[in-house]
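**Q** coords please:
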Amino acid sequence: MNGSSQGITHVAFFNPQGNFDKNDSHLTEHPDFGGQLVYVKELAKAMGELGIKVDIITRRIVDEKWPEFSEQFDFYPDAPNVRIVRIPFGGNQFLRKEDLWNYLPEYVDGIYKFYEGEGIFPEFVTTHYGDGGISGVLFLKRTGIPFSFTGHSLGAWKKEKLLNSACSEQGLEKKYRFSARICAENLALKYASFVVCSTNQERYEQYSHEAYDCNPYDEKFKVIPPGINHKIFNMRSSDIDLLMEQYIEDKLARAPLNRQRLPFILMSSRIDRKKNHISVVKAFLSDEQLLSSANLFIVARGIEDVEKFAYEKETEEARILREIVDVAKSEIGKSIFFVNISDQAALASFYRVCAKRNSVFVLPATYEPFGLAIIEAAACGLKIVATKNGGPAEILSDGEGLLIDPDDIKDIGSKLYLSLTQFTNEKSLLLANKYSWKNTAFAYLQSMMNCSAERQTVDDQDIEAFYRLIS
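**A** Sure thing, here's the model as predicted:
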């Protein structure tokens with residue numbers, strides 16, 4: 001499909017938080033550089049391969065701690081139709097995504113001036129997360145250019161979970177700016193030409209929350225699953241696989257000889273409380289059968305000495321790792337190992353090497369909106385165990401993996417043991433073939449072309465309501 005023959009030739013992606021660069025610096029290792037950035041990057045590149053000119057519009061940062069993001073433009077070497085455009089707003093220093101809300105009008109103003117200077121505007125905008133969504137609303141009001149909204153995860157659900165864990169509403173508002181986020185999400189839902197969900201569960205459950213004034217049964221809601229990069233995540237041997245095998249053997253060198261050839265249980269999510277690493281660690285340590293049948297590998301990207309990091313730093317990541325180290329102290333270097341995997345190519349190699357040992361990938365998150373990581377792991381030959389809460393229940397609906405209750409230590413342990421001893425990777429390999437970014441891009445473009453040509457008017461009162469929350 002070529003977009004130019006169908007009326008769509010130029011698409012902008014609004015993603016003010018996190019950042020993008022050709023080397024994928026910090027990708028998935030920082031709370032502001034999570035899975036949605038991988039989603040945006042891969043979708044943009046797939047659209048480019050379909051003949052669409054794509055701009056990823058993000059934030060320019062001139063900060064010596066973040067040198068990768070100081071130039072106005074950046075590019076992916078293998079994606080000639082895609083450019084990264086960095087708009088200066090909110091000063092020069094890096095800001096957490098929760099601190100960007102006040103500066104989003106400045107972001108949109110910068111985008112308008114950028115395209116005005118180029119003399120040509122995109123025909124359509126895709127927006128991501130609540131801050132991208134409200135930016136799409138503001139841009140629509142100014143230009144009439146329609147946008148789609150992909151929420152990825154919604155603020156009201158996060159707020160509800162944090163309130164249930166005894167956090168105060170006032171403290172949460174100060175830290176996370178939930179009032180601004182939920183208002184932004186509602187306005188994005190109201191004015192988007194279509195809303196993208198990764199699964200039916202996300203569509204009907206996430207958007208049914210009482211905080212949102214929308215009807216998930218409306219036809220503007222589209223279920224478009226994301227894909228994986230099959231050029232990276234596959235079963236084909238790579239030059240780095242031999243290096244990865246040596247890296248793993250070096251990690252196992254201190255382990256007892258009888259443990260050095262056991263299969264692995266792998267976790268490679270960002271070190272984040274909601275990813276629930278600790279439950280797998282506890283399940284592994286408390287199940288004697290499991291402990292004697294496998295080693296546990298935990299990916300901690302960018303951290304070479306996890307124990308030193310855990311006890312010397314006071315970040316949320318360090319606190320989580322400290323909890324793991326405290327619980328698993330006697331088994332670290334014996335049956336539990338931390339690995340520092342630097343990028344997606346290395347991660348795919350790690351998966352392939354571990355798959356040769358009949359290993360299992362586990363995603364134990366308390367809630368996972370989709371679960372792209374399990375498809376990537378499956379494509380490299382790993383067996384899959386994943387949380388029952390969220391997208392994995394739909395992805396694994398034909399028995400391609402086992403579902404766990406992330407709050408039940410015994411269930412986690414028994415399902416991991418069952419996967420290790422009684423399952424093959426045959427079905428999980430079939431799973432990977434269902435998901436490609438080309439299919440995702442094609443579905444987005446079809447939805448764009450099916451949008452009404454009628455210009456939508458944005459109510460001034462809606463904009464004023466948002467401005468009051470950020471002023």
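**Q** quick one: buried residues of the helix or strand of the chain with the lowest mean pLDDT?
**A** Every helix and strand of the chain was ranked by mean pLDDT, DSSP states H and E. The lowest is helix 426-432, at a mean of 83. Residues of helix 426-432 classed as buried by neighbour count (16 or more other Cβ atoms under 10 Å): 427-429, 431-432. From N, CA and C alone the C-beta is placed, and that goes for glycine too.
**Q** Name the residues that touch it?
**A** By Cβ atoms under 8 Å, 6 or more residues apart in numbering, the list of residues contacting helix 426-432 from outside reads 228, 230, 233, 235, 375-379, 381-384, 395-396, 398-401.
**Q** same thing but at 7 Å, please
**A** 228, 375, 378-379, 381-384, 399-401 (Cβ atoms under 7 Å, 6 or more residues apart in numbering).
**Q** Please compute how far it lies from its chain's middle.
**A** 21 Å (Cα atoms, centre = their mean, to the nearest Å).
**Q** May I have it exported as PDB, CA atoms only?
**A** Below are the C-alpha coordinates for helix 426-432, written out as PDB (Å, rounded to 0.1, in the frame of the first residue of the first chain):
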ATOM      1  CA  GLU A 426       5.600 -24.800  19.500                       C
ATOM      2  CA  LYS A 427       2.500 -22.700  20.100                       C
ATOM      3  CA  SER A 428       4.500 -19.700  21.300                       C
ATOM      4  CA  LEU A 429       6.400 -19.600  18.000                       C
ATOM      5  CA  LEU A 430       3.000 -19.500  16.200                       C
ATOM      6  CA  LEU A 431       2.000 -16.600  18.300                       C
ATOM      7  CA  ALA A 432       4.800 -14.400  17.000                       C
END
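**Q** Skip ahead from that helix and say which helix or strand is next.
**A** Downstream of helix 426-432, the first helix or strand assigned by DSSP states H and E is helix 437-449.
**Q** Do me a favour and average the pLDDT over that following helix.
**A** Per-residue pLDDT values over helix 437-449 give a mean of 96.
**Q** Export only the CA atoms of it, formatted as PDB.
**A** Once non-C-alpha atoms are left out, helix 437-449 reads as follows in PDB (Å, rounded to 0.1, in the frame of the first residue of the first chain):
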ATOM      1  CA  TRP A 437       4.200  -3.600  12.600                       C
ATOM      2  CA  LYS A 438       3.400  -3.500   8.900                       C
ATOM      3  CA  ASN A 439      -0.100  -4.800   9.800                       C
ATOM      4  CA  THR A 440      -0.400  -2.200  12.600                       C
ATOM      5  CA  ALA A 441       0.600   0.600  10.300                       C
ATOM      6  CA  PHE A 442      -1.800  -0.500   7.600                       C
ATOM      7  CA  ALA A 443      -4.700  -0.600  10.000                       C
ATOM      8  CA  TYR A 444      -3.800   3.000  11.300                       C
ATOM      9  CA  LEU A 445      -3.700   4.300   7.700                       C
ATOM     10  CA  GLN A 446      -7.000   2.600   6.800                       C
ATOM     11  CA  SER A 447      -8.600   4.200   9.800                       C
ATOM     12  CA  MET A 448      -7.200   7.600   8.900                       C
ATOM     13  CA  MET A 449      -8.500   7.400   5.300                       C
END
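**Q** what comes into contact with the helix or strand just after it?
**A** Toward the C-terminal end, the helix or strand that comes next after helix 437-449 (DSSP H and E) is helix 460-470. Here helix 460-470 makes contact (Cβ under 7 Å, 6+ apart) with 101-102, 134, 141, 179-180, 183-184, 187.
**Q** Now compare the residues you listed and name the two farthest from each other.
**A** K141 and S179 (20.9 Å; Cβ to Cβ).
**Q** which one of the contacts of helix 460-470 is nearest S286?
**A** Of those, the one sitting nearest to S286 (Cβ to Cβ) turns out to be S179, at 41.4 Å.
**Q** following the helix or strand where the closest one lies, which helix or strand shows up next?
**A** Using DSSP H and E, the element containing S179 is helix 178-191. Counting by DSSP H and E, the next helix or strand C-terminal to helix 178-191 is strand 194-197.
**Q** who's in contact with that following strand?
**A** By Cβ under 7 Å, 6+ apart, strand 194-197 touches 148-150, 189, 203, 220-224, 447, 451.
**Q** let's go with 6 Å and repeat that
**A** If you take Cβ atoms under 6 Å, 6 or more residues apart in numbering as the criterion, strand 194-197 is touched by 148-150, 203, 220-224, 447.
**Q** Direction included, what does that strand pair up with?
**A** Its sheet considered, strand 194-197 pairs with strand 147-150 (parallel), strand 221-223 (parallel) by DSSP bridges.
**Q** Can you tell me which of these is packed in deepest?
**A** Ranked by mean neighbour count under mean count of other Cβ atoms under 10 Å, those are led by strand 147-150, which reaches a mean of 27.
**Q** Check the average confidence over it, would you?
**A** 98.
**Q** next one: stretch 17-29
**A** Stretch 17-29 comes out at a mean pLDDT of 81.
**Q** Return the set of buried residues in stretch 337-348.
**A** Buried-residue list, stretch 337-348, by 16+ other Cβ under 10 Å: 337-339, 341, 344-348.
**Q** what residues does the strand or helix carrying I265 touch?
**A** I265 is part of strand 264-267 when elements are defined by DSSP H and E. Under the criterion Cβ under 6 Å, 6+ apart, residues 277, 294-298, 354, 359-362, 416 lie in contact with strand 264-267.
**Q** Could you identify the buried members of those?
**A** By 16+ other Cβ under 10 Å, those give 277, 294-298, 354, 359-362, 416 as buried.
**Q** want to try a markdown table for these, with secondary structure as columns?
**A** Formatted as a markdown table, those follow (DSSP: H, G, I helix; E, B strand; the rest coil):
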| residue | secondary structure |
| --- | --- |
| H277 | helix |
| A294 | coil |
| N295 | strand |
| L296 | strand |
| F297 | strand |
| I298 | strand |
| C354 | helix |
| S359 | coil |
| V360 | strand |
| F361 | strand |
| V362 | strand |
| L416 | helix |
